[in-house]
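J.: sequence first, predicted coordinates after that:
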Amino acid sequence: MDASLDPQQQAAVLAPRGPVCVLAGAGTGKTRTITRRIAHLVGDGHVRAGQVLAVTFTSRAAGEMRTRLRSLGISGQGNAVQALTFHAAAMRQLRYFWPQAIGENQWELLDNKFPVVSRAARAAGAPTTTESLRDLISEIEWAKGSLIGPSEYPAAVYKSRRESPLPAEQVALVYERYEQAKVSPAGDQLLDFDDLLLMTRAILDDHPVIAEEFRDRYRCFVVDEYQDVTPAQQALLNAWVGPRDDLTVVGDANQTIYSFTGATPGYLLDFSRRFPDATVVRLERDYRSTPQVVQLANSVIGAARGRIAGTRLQLIGQRDPGPEPDFSEHPDEAAEAKSVARAIKRLMKSGVPGSEIAILYRVNAQSEVHEQALTAAGIPYQVRGGEAFFSRSEVRQAMRAVNQAAQRDDLPPEAETLTLLRAILVPLGLTEEAPAGAQARERWESLRALVTMTEDMLTDVPELTLADLTRELAARAEARHPPTVQGVTLSSLHAAKGLEWDAVFLVGLVDGSMPINQAIKAGDAAIEEERRLLYVGVTRAREHLQLSWALSRNEGGRASRRRSRFVVSLVPEDSPASKIAEPKRTRSGPKCRVCGKPLLGKTASLLGRCERCPSDLDEGLLLALKEWRSGRAKEQKVPAYVVFSDNTLIAIAEQQPGDVTALVAIPGIGQKKLDQYGEDVLTLVRSGKTAGQK
């Protein structure tokens, strides 16, 4: 009996050989527990060290497991426990078994998919921009991880309501051409990382002699982070284990945040059904965070709904008490970032190292305003899981394009700087609405952040020119070279999984960012995953925790945002942030002209109806409006959306305003737009012209 283990950890360590499921909450010592379990099984003679295969999801986690096992004296050279990632284990097995299973044809690891996917995209008539290729690669990886072939992809996308970066049939064609391109005429193959899993599983399934040899070598299996397995990984695990049941899995379904990669908690949730005799142990004592942080984490996940929520763990803080989590509301993002920087400076003066402080956000583009605030405060920082804002390729490309445009002498003299900037950024990926595809959307967010930054500059210097903008952007980029010493960490919430800090600042907690707009549109399951993402963020903090949000993006902007729906019930009544009566804004705001419910989100407010309510669109009028807009855009030498966005035209074609009052009631049509285009638009509406009559 190990006195350093709590009763639940001991129960997991001492469980008999066979199926064991350890439900381990954040900070409950799961790595310590499973390495002690392996040591117990080996030390008591239940299994030899070389017969244990432990798999996890990152090289860092596998390395930590090997270090722990070495400290317990059961993992060294030779006949030792194998602690690897799924892919590393599959690669070793494939190299060993390939000659026996496949024969003379060779395989080579494809560690860079870009050239092959690029050729496949061109053959399929798909875009080949860097972001488009990244999104296509992500889709192919999701499909292969989900055991979905090219012909099955379109139906799978429609069924799962997954957002495809291109038409599903076109993605399927790229996928098919990609798979074909990896096989040479001689039969040699390029295998990507997903193929390592698929091919190893196929060899074990199709060659009983090889499967018997493998299962004679490995008798005991341990899987960490089991909530994150994909169907492809589970299929390989099934092939490894075979008809036996000597399997220990560890996970927490309420930390499932990677479903976009194909990961599913279903295998963890169904473990006891597959193995009715399984031992199930719940680890709920949290040794990482103070009771105050733990209580907030329990409150976040306590509001969850659905099957996954039914397995939630009620964490019990084991540390000494600490400060209460802080909530703060700010008028705009710049004010929020400055407040966070001041709080960080106070923490550092009190003795908290910068390396033990993190700012966590939902999307990488949110880092820009915090980089600026930290730079101004003289606080060193590092960006994890992505590049610093001015180091991103799309931002560098945009700055070059602005510089080149500033040197031209043929720009319209009456054009406003902001209009010119938007026109420059359109070919680089700036559109009125966020594009489909995670990589394309991330590029769009960065470009939109440049526009926001310029709007802020124009507030201070209304006469700002493109040349001035070029110099200001270059100066800001030069200033934001953080020292090489370790500093405050800036990270997306996804990239922060598995890490922890003494102090954590969760920023940008507004509806549209947390939960993100795409999740709101996708429905309840996606919103619940966003809630779990916030839960993961909260549980990264050991002692100090601050949650904050801004009611406007820009300084002096309209306070049109709402704090995250996840935060509303968390704010204590005595907190200054609780004094804002946000629900009143929702109740007194515009309502859907179809169902009468309050309108939520920019698009719904613009259309005057909920996005899911039926449209009464006059398609002929919409076509006439688009043709008119195209002509005006050409006259003014500006992108079409600068005249009116697509959603504004749809709103006009649906609502068909008959006079100036009705026209300006459509959001986005102010006095300037009315003066420029009002008469034309009202004439088109009144005449009811169709495309065929024009």
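T.: Yes, it's here. Residues are numbered from 1 along each chain as shown.
J.: and residue 255, how far from residue 297?
T.: Residue 255 sits 11 Å away from residue 297, taking CB to CB, to the nearest Å as the criterion. (Each C-beta comes from the backbone N, C-alpha and C, glycine too.)
J.: common neighbours of the two, please.
T.: Between them, residue 255 and residue 297 share these contacting residues under CB atoms under 8 Å, 6 or more residues apart in numbering: 26, 535.
J.: the two: which is more packed in?
T.: A direct count of neighbours by other CB atoms under 10 Å for residue 255 and residue 297 places residue 297 higher, at 29 against 24.
J.: residue contacts, the closest residue to that one other than its chain neighbours?
T.: In space, residue 297 comes closest to residue 538 once its chain neighbours are excluded; the distance is 4.6 Å by CB to CB, 6 or more residues apart in numbering. For residue 538, the contact set (CB under 8 Å, 6+ apart) comprises 293, 296-297, 300, 504, 506, 545.
J.: how much space separates residue 538 from residue 255?
T.: To residue 255, residue 538 is 11 Å away according to CB to CB.
J.: from the chain's centroid, how far away is stretch 17-37?
T.: 27 Å (CA atoms, centre = their mean, to the nearest Å).
J.: compute the first-to-last residue distance for it.
T.: End-to-end distance for stretch 17-37, by CA to CA, to the nearest Å: 10 Å.
J.: tell me how many other residues surround the spatially closest residue to residue 569 that is not a sequence neighbour.
T.: Excluding the flanking residues, the one nearest residue 569 by CB to CB, 6+ apart is residue 303, at 6.7 Å. One way to gauge burial is a neighbour count; for residue 303, by other CB under 10 Å, it gives 15.
J.: relative to residue 531, how far out is residue 303?
T.: In this structure, residue 303 and residue 531 are 7 Å apart, going by CB to CB.
J.: repeat that for residue 240.
T.: To residue 531, residue 240 is 33 Å away according to CB to CB.
J.: again with residue 25
T.: Residue 25 sits 16 Å away from residue 531, taking CB to CB as the criterion.
J.: what lies in contact with stretch 309-322?
T.: Counting by CB under 8 Å, 6+ apart, the neighbours of stretch 309-322 from elsewhere in the structure are 23-28, 252-254, 268-269, 282-295, 297-298, 301-302, 304, 528, 542-544.
J.: swap in 7 Å and give it another go.
T.: The contact list for stretch 309-322 (CB atoms under 7 Å, 6 or more residues apart in numbering) reads 23, 25, 252-254, 269, 282, 284-287, 289-292, 294, 297-298, 301, 304, 543.
J.: please indicate which of these are buried?
T.: Applying 16 or more other CB atoms under 10 Å to the contacts of stretch 309-322, the neighbour count classes 23, 25, 252-254, 269, 282, 285-286, 289-292, 294, 297-298, 301, 304, 543 as buried.
J.: those residues in helices, which ones?
T.: Secondary structure of the buried ones among the contacts of stretch 309-322 is defined by DSSP state H; positions in helices are 269, 291-292, 294, 297-298, 301.
J.: what is the nearest of those to residue 197?
T.: The shortest gap between residue 197 and any of those belongs to residue 269, at 21.7 Å (CB to CB).
J.: so who does that closest one touch?
T.: Applying CB under 7 Å, 6+ apart, we find residue 269 in contact with 253, 307, 311.
J.: how about 6 Å then?
T.: For residue 269, the contact set (CB atoms under 6 Å, 6 or more residues apart in numbering) comprises residue 253.
J.: adjust the sequence numbering to begin at 627 for everything that follows.
T.: Right, with 627 as the first residue, what we last looked at is residue 895.
J.: and the residue nearest to residue 1195, what pLDDT?
T.: At residue 929 the predicted local distance difference test score is 88.
J.: which SSE is the residue most central in space within the chain in?
T.: Computing the C-alpha centroid of the chain and ranking residues by CA atoms, centre = their mean puts residue 1120 first, at 5.8 Å. Here residue 1120 is covered by no helix or strand, with elements defined by DSSP states H and E.
J.: next one: it from residue 1172, what distance?
T.: 20 Å.
J.: how about residue 1025?
T.: With distances defined as CB to CB, the gap from residue 1025 to residue 1172 amounts to 32 Å.
J.: and what of residue 1094?
T.: The value you get for residue 1094 to residue 1172, if CB to CB is used, is 36 Å.
J.: neighbour count winner among those two?
T.: residue 1172 (21 against 14).
J.: which residue is the nearest non-sequential neighbour of the more buried one?
T.: If you skip the residues right next to it in sequence, residue 1172 has residue 952 as its closest partner in space, 4.4 Å away by CB to CB, 6+ apart.
J.: right, and that neighbour touches residue 1171 too?
T.: No: contact criterion CB atoms under 6 Å: residue 952 and residue 1171 do not qualify, at 7.2 Å.
J.: between these two, tell me which one has more neighbours.
T.: Taking neighbours as other CB under 10 Å, residue 952 and residue 1171 compare with residue 1171 leading, 27 against 16.
J.: residue 1058: neighbour count?
T.: Applying other CB under 10 Å, I find that residue 1058 has 15 neighbouring residues.
J.: give me the below-cutoff pLDDT ranges for the stretch 1177-1320 of the chain.
T.: Counting by pLDDT under 70, the low-confidence segments of the stretch 1177-1320 of the chain come to 1200, 1204-1216, 1219, 1224-1233, 1237-1238, 1294, 1315-1320.
J.: redo that, cut-off 80
T.: 1180-1184, 1199-1243, 1262-1268, 1271-1273, 1290-1291, 1293-1299, 1314-1320 (pLDDT under 80).
J.: what about the helices in it?
T.: 1208-1214, 1228-1233, 1245-1262, 1266-1269, 1272-1281, 1286-1290, 1297-1313 (DSSP state H, counting those that start in this stretch).
J.: the ones you listed: which one's closest to residue 1016?
T.: If you check each of the helices of the stretch 1177-1320 of the chain against residue 1016 by CB to CB, helix 1266-1269 wins as the nearest, at 26.0 Å.
J.: for the stretch 1077-1226 of the chain, which segments count as strands?
T.: Assignment of strands within the stretch 1077-1226 of the chain using DSSP state E, counting those that start in this stretch yields the ranges 1114-1118, 1127-1132, 1167-1176.
J.: any figure for the gap between residue 687 and residue 1028?
T.: Taken as CB to CB, the span from residue 687 to residue 1028 is 42 Å.
J.: next one: residue 1288
T.: Relative to residue 1028, residue 1288 is positioned 39 Å away (CB to CB).
J.: of the two, which one has the most company?
T.: Just comparing residue 1288 and residue 1028: by other CB under 10 Å the higher neighbour count belongs to residue 1028, 22 against 14.
J.: tell me the pLDDT of the more buried one.
T.: Residue-level pLDDT assigned to residue 1028 equals 87.
J.: elements contacting the helix or strand where it lies?
T.: Using DSSP H and E, the secondary-structure element containing residue 1028 is helix 1019-1032. Under the contact definition 3 or more CB pairs under 6 Å, 6 or more residues apart in numbering; DSSP states H and E, helix 1019-1032 sits against helix 1043-1051, helix 1064-1086, helix 1092-1105.
J.: apply 10 Å and report the result again.
T.: Using 3 or more CB pairs under 10 Å, 6 or more residues apart in numbering; DSSP states H and E, the elements in contact with helix 1019-1032 are helix 756-771, helix 1043-1051, helix 1064-1086, helix 1092-1105.
J.: can I get that helix as PDB, trimmed to CA atoms?
T.: Extracted C-alpha coordinates of helix 1019-1032, given in PDB (Å, rounded to 0.1, in the frame of the first residue of the first chain):
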ATOM      1  CA  SER A1019       2.500  35.200 -42.800                       C
ATOM      2  CA  GLU A1020      -0.800  36.900 -43.600                       C
ATOM      3  CA  VAL A1021       0.000  40.000 -41.600                       C
ATOM      4  CA  ARG A1022       3.500  40.300 -43.100                       C
ATOM      5  CA  GLN A1023       1.900  39.900 -46.600                       C
ATOM      6  CA  ALA A1024      -0.700  42.500 -45.800                       C
ATOM      7  CA  MET A1025       1.900  45.000 -44.600                       C
ATOM      8  CA  ARG A1026       3.900  44.600 -47.800                       C
ATOM      9  CA  ALA A1027       0.700  45.100 -49.800                       C
ATOM     10  CA  VAL A1028      -0.200  48.300 -47.900                       C
ATOM     11  CA  ASN A1029       3.400  49.600 -48.300                       C
ATOM     12  CA  GLN A1030       3.200  49.000 -52.100                       C
ATOM     13  CA  ALA A1031      -0.100  50.700 -52.400                       C
ATOM     14  CA  ALA A1032       1.100  53.700 -50.400                       C
END
